[in-house]
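S.K.: can you look at this prediction? I've put the sequence above it.
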Amino acid sequence: MTTVRTIHSSERCCNETWEQAFTRFETPSQEVAKFHGRLSWFGVEDWPQDAEIVELFCGRGNGLIALAELGFTRLTGVDLSGDLLAQYTGDAQTYVCDARDLSLESNSQDIAIVQGGLHHLPNLPQDLERSICEAKRILRPAGMMVIVEPWDTPFLRMVHAASASPMRRLWDKLDAFQVLYENEQQTYDNWRARPQEILGILDKHFNAHRQRTAWGKLFYLGTPKP
């Protein structure tokens, strides 16, 4: 059964308007299917089935559901919002916790996953450095760091141009995308403006094994540096 244990939650990354827009943007089943596709690109078929996996910024837990459907059972989810975690109905352990100050034991996880949470951090590069250091701390020496985040590719710029135009009214998903953007614009734009800084922090702490930018996303898999 899911356990929601409050560690500390002094701030929330998303408001009610954002959450309603996200519901319009993508259904839970669509999100789970998306996560399956991403995990396949990262080589999930070769991951040990007994791996201890933590998903940071896990939100409603659809990434955890995708992992469970792939046969993984030693799962943990972490998010700053207890309201979002309360919507998760799977069997993973879940904790209300700040990714910048994780209350998880050092060297306790085989894989740490972030799918769209780091760009919510309010203070870059300091918060990113703290979050990456914490993720590295809880990983075992041979562990893996998996990251999927927005990236300022030509495709993403095209989507933003369309969503900021009257075209957004023709497609609910595009309109929802614009509402999401408007509600996280400050941190989102700050993230997009710092690609070299972000990659520099990742390179400082991890050895990249798979990395690409495509369709407005950064896909990254690394292992901890000594």
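M.R.: Now that the structure is in, tell me what you want to look at.
S.K.: downstream of the helix or strand in which Ala161 is found, the next helix or strand is which one?
M.R.: Using DSSP states H and E, Ala161 falls within helix 154-163. Toward the C-terminus, helix 154-163 is succeeded by helix 172-183 as the next helix or strand (DSSP H and E).
S.K.: quick one, that following helix and helix 154-163 angle?
M.R.: 100 degrees (axes from the mean of the first three to the mean of the last three CA atoms, to 10 degrees).
S.K.: Glu55: how many residues sit nearby?
M.R.: 27 (other CB atoms under 10 Å). Every C-beta, even on glycine, is put in place using the N, C-alpha and C of the backbone.
S.K.: would you say it is within a strand?
M.R.: Yes. Glu55: assigned to a strand according to DSSP: H, G, I helix; E, B strand; the rest coil.
S.K.: what ranges does the protein have for its strands?
M.R.: Residue ranges of the strands in the chain, as given by DSSP state E, are 4-6, 53-56, 75-79, 93-96, 109-115, 139-150, 206-214, 217-224.
S.K.: Phe219 versus Asp110, what's the distance?
M.R.: To Phe219, Asp110 is 19 Å away according to CB to CB, to the nearest Å.
S.K.: how about Lys34, nearest residue that isn't a chain neighbour?
M.R.: Glu26 (7.4 Å; CB to CB, 6 or more residues apart in numbering).
S.K.: correction: the previous question concerned Pro122.
M.R.: Thr187 (5.8 Å).
S.K.: contacting residues around that neighbour?
M.R.: Residues counted as contacts of Thr187 (CB atoms under 8 Å, 6 or more residues apart in numbering) are 13, 119-122.
S.K.: circling back: then the helix holding Ala161 to PDB, C-alphas only?
M.R.: What follows is helix 154-163, C-alpha atoms only, in PDB (Å, rounded to 0.1, in the frame of the first residue of the first chain):
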ATOM      1  CA  PRO A 154      13.700  24.300 -32.800                       C
ATOM      2  CA  PHE A 155      10.700  22.000 -32.300                       C
ATOM      3  CA  LEU A 156      10.000  23.400 -28.800                       C
ATOM      4  CA  ARG A 157      10.300  27.000 -30.100                       C
ATOM      5  CA  MET A 158       7.800  26.200 -32.800                       C
ATOM      6  CA  VAL A 159       5.300  24.700 -30.300                       C
ATOM      7  CA  HIS A 160       5.600  27.800 -28.200                       C
ATOM      8  CA  ALA A 161       5.000  30.100 -31.100                       C
ATOM      9  CA  ALA A 162       1.900  28.100 -32.000                       C
ATOM     10  CA  SER A 163       0.500  28.000 -28.500                       C
END
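S.K.: quick check: mean pLDDT of that helix?
M.R.: The average of the pLDDT scores along helix 154-163 is 96.
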